[in-house]
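**Student:** what's the 3D shape of this:
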Amino acid sequence: MTDSMLIPHETYEENKVHIGTLQKSADMKPFLSGDSDGTGLHLIDLEHTDARMRIVAQFLNRYDASRILVVSARQYGQRPARKFAQSIGAMHIVGRFIPGTLTNPGLRTYIEPELIVVTDPQADQQSLSEAVSSGLPVVAICDANNNLRNVDLCLPANNKAKESLSMIYWLLSREVLKAREGSTMDDDTWETMHDVADWKSTF
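**Tutor:** Take a look at the predicted model:
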């Protein structure tokens, strides 16, 4: 464990953030530990996850939060994604993404964000495709099997388990708000105000 990690290594593990998939992509190979958990699942290197968490938080803070769109079609990601968006003041679309939302100005649901955060590049394919067509930067939580062809900034983590998604979005929210100019909230205050268990999907 590295002393400078945002949260203890064990906390990441308890929330299954490191548990990957049976398949791995060439794109994600640099973010994997090379170990297996005995079931053949590829494990994500939590040092990379922790380091990228800081980078993603800083990157998001380069944008007006109200122009950031957070997306999650995956069921277990919907509650955490929505709570993350609400906590930083961003837009969110959870559940079904209506085709044309980012590309068809004639739609009632049409919006023009400046940045999109997707929970899973595979499950959120429609929004990812439209973001690319619109020239929007894409930040994505990426599991061992994801490819990064249309992803500008990858946050390596288990993007399928509710525990992992809750922990990732909770921690990212904390880091974004802490990094904002004038924010004096310390970790203990944040944890008192925001219980990570409340971010877990009720499904």
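**Student:** From Ala157, how far off is Met167?
**Tutor:** Distance of Met167 to Ala157, given as Cβ to Cβ, to the nearest Å: 8 Å. For every residue, glycine as well, the C-beta is placed using N, CA and C.
**Student:** My error: substitute Ala65 in the last question.
**Tutor:** 21 Å.
**Student:** Ok, Tyr63 next?
**Tutor:** Distance from Tyr63 to Ala157, counting by Cβ to Cβ: 21 Å.
**Student:** Compare these two and say which one has the larger neighbour count.
**Tutor:** A direct count of neighbours by other Cβ atoms under 10 Å for Tyr63 and Ala157 places Ala157 higher, at 31 against 14.
**Student:** for Arg180, what are its contacts?
**Tutor:** Residues near Arg180 by Cβ atoms under 8 Å, 6 or more residues apart in numbering: Asn61.
**Student:** Val70 now?
**Tutor:** Ala81, Arg82, Phe84, Ala85, Ala90, Met91, His92, Ile93, Ile116, Val117, Thr119.
**Student:** Which strand residues bridge the residue nearest the centre of the chain?
**Tutor:** When Cα atoms, centre = their mean is applied to the chain, the residue found nearest the centroid is Ile141 (4.1 Å). With DSSP bridges as the criterion, Ile141 is bridged to Leu155.
**Student:** Isn't it up against Ala123?
**Tutor:** No. Ile141 lies out of contact with Ala123 (Cβ atoms under 8 Å); the separation is 10.4 Å.
**Student:** pLDDT of the lengthiest helix in the chain, averaged?
**Tutor:** For the chain, the helix that runs over the most residues, judged by DSSP state H, is helix 162-179. Mean pLDDT, helix 162-179: 93.
**Student:** Neighbour count and distance to Leu136 added to the contacts of Val70, as TSV?
**Tutor:** Shown next, in TSV, are those (neighbours: other Cβ atoms under 10 Å; distance: Cβ to Cβ, whole Å):
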residue	neighbour count	distance to Leu136
Ala81	29	17
Arg82	18	20
Phe84	27	18
Ala85	23	16
Ala90	24	13
Met91	16	12
His92	17	15
Ile93	24	13
Ile116	26	5
Val117	30	10
Thr119	27	16
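**Student:** which residues does Asp27 contact?
**Tutor:** Asp27 sits next to Asn146, Asn147, Leu148, Arg149 when contact means Cβ under 8 Å, 6+ apart.
**Student:** Most neighbours among those residues, please name it.
**Tutor:** Neighbour counts for these peak at Asn146, which has 25 neighbours (criterion: other Cβ under 10 Å).
**Student:** Perfect, I'm done here.
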